[in-house]
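*Asks:* My questions are about this predicted structure, shown below with the sequence.
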Amino acid sequence: MALPQLGVILGNISSHENALHTAKSLLSTTVEPIMHEGSEMPTSLSFGVAMYSLDASNTEKLLQKADMDMYKAKRNDGNNYRFFSR
């Protein structure tokens, strides 16, 4: 089953520490399981974090790096995040 993907662009994140705080906040809002046709469907949140100018100097490379890390987070059982590391 294909899972939906979503990109989020945040302004005013000037350091990895700020990004870490934001990542933890996003992860803590993981949605409760969804009921569908009488069955409970678990949900999870996995994402990659890349920062403009620190990790990439253009949009395409920035999204590629965040996408790579999202898949790393998913491979680790989901409900996780990964920062791009050079």
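*Replies:* Perfect, thanks for sending it. Numbers count the residues shown, from 1 in each chain.
*Asks:* from here on, contacts and neighbour counts on C-alpha atoms
*Replies:* OK.
*Asks:* Sketch out the helices for this protein, chain order is fine.
*Replies:* Taking DSSP state H as the criterion, the chain carries its helices at 16-27, 59-75.
*Asks:* Distance of Leu27 relative to Asn79?
*Replies:* Separation of Leu27 from Asn79 (CA to CA, to the nearest Å) stands at 7 Å.
*Asks:* Could you tell me which residues touch both of these two?
*Replies:* Contact criterion CA atoms under 8 Å, 6 or more residues apart in numbering; residues bridging Leu27 and Asn79 by contacting each: Leu45.
*Asks:* if we can go back for a sec, please identify the most buried of the helices of the chain.
*Replies:* helix 59-75 (a mean of 17; mean count of other CA atoms under 10 Å).
*Asks:* for that helix, packing partners?
*Replies:* strand 46-49, strand 80-83 (3 or more CA pairs under 8 Å, 6 or more residues apart in numbering; DSSP states H and E).
*Asks:* Paired strands for the first one, with orientation please.
*Replies:* The reference is to strand 46-49. Strand 46-49 pairs in its sheet with strand 80-83 (parallel), by DSSP bridges.
*Asks:* any idea how far Met35 is from the spatially most central residue of the chain?
*Replies:* With distances taken as CA atoms, centre = their mean, the residue of the chain nearest its centroid is Phe47 (1.6 Å). Per CA to CA, Phe47 is found 24 Å from Met35.
*Asks:* coming back round to it: with distance to Ile9 and mean pLDDT as new columns, can the helices and strands packed on helix 59-75 be given to me in JSON lines?
*Replies:* Output for those, formatted as JSON lines (distance: least, CA to CA, whole Å; pLDDT from 0 to 100):
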{"stretch": "strand 46-49", "distance to Ile9": "10", "mean pLDDT": "88"}
{"stretch": "strand 80-83", "distance to Ile9": "15", "mean pLDDT": "87"}
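*Asks:* Quick one: those strands as TSV, columns for distance to Ile13 too.
*Replies:* Shown next, in TSV, are the helices and strands packed on helix 59-75 (distance: least, CA to CA, whole Å):
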stretch	distance to Ile13
strand 46-49	11
strand 80-83	14
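*Asks:* for the residue nearest to the centre of the chain, what are its contacts?
*Replies:* Going by CA under 8 Å, 6+ apart, Phe47 touches 66-67, 69-71, 73-74, 80-82.
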